[in-house]
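Engineer: I need the structure of the sequence given here:
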Amino acid sequence: MSKTIEQLIESLDTIPFLFVGSGLSRRYYNLPDWIGLLKVMADKLKQDSFAYRSYED
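Structural biologist: Take a look at the predicted model:
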């Protein structure tokens, strides 16, 4: 039972995602890297300058 990639994608209920390295988004959109993104999200969750350190481990 061998399916082609096209057949597999057509059978999905959602659109597939393409994950690329953070270098593209950092270079062209000035977005943070993974660590920077985690720091932003930790700050939004706790509003504490040390929140990231509690999630870091």
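Engineer: Any regions of this structure where pLDDT drops low?
Structural biologist: 1, 19, 22, 57 (pLDDT under 70).
Engineer: Have a look at it and report its longest helix.
Structural biologist: Secondary structure assigned by DSSP state H gives helix 34-46 as the longest helix of the chain.
Engineer: Can you tell me what sits against that helix?
Structural biologist: Applying Cβ atoms under 8 Å, 6 or more residues apart in numbering, the external contacts of helix 34-46 come out as 22, 31-32, 49, 51-52, 54-56. The C-beta positions use only the backbone N, C-alpha and C, and glycine is treated the same way.
Engineer: Can you report how many residues lie near residue 15?
Structural biologist: 7 (other Cβ atoms under 10 Å).
Engineer: swap in residue 42?
Structural biologist: Residue 42: 19 surrounding residues under other Cβ under 10 Å.
Engineer: If any of the contacts of helix 34-46 are buried, give me the ChimeraX selection for them.
Structural biologist: Of those, the buried ones go into a single ChimeraX selection, burial set by 16 or more other Cβ atoms under 10 Å:
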select :51,52
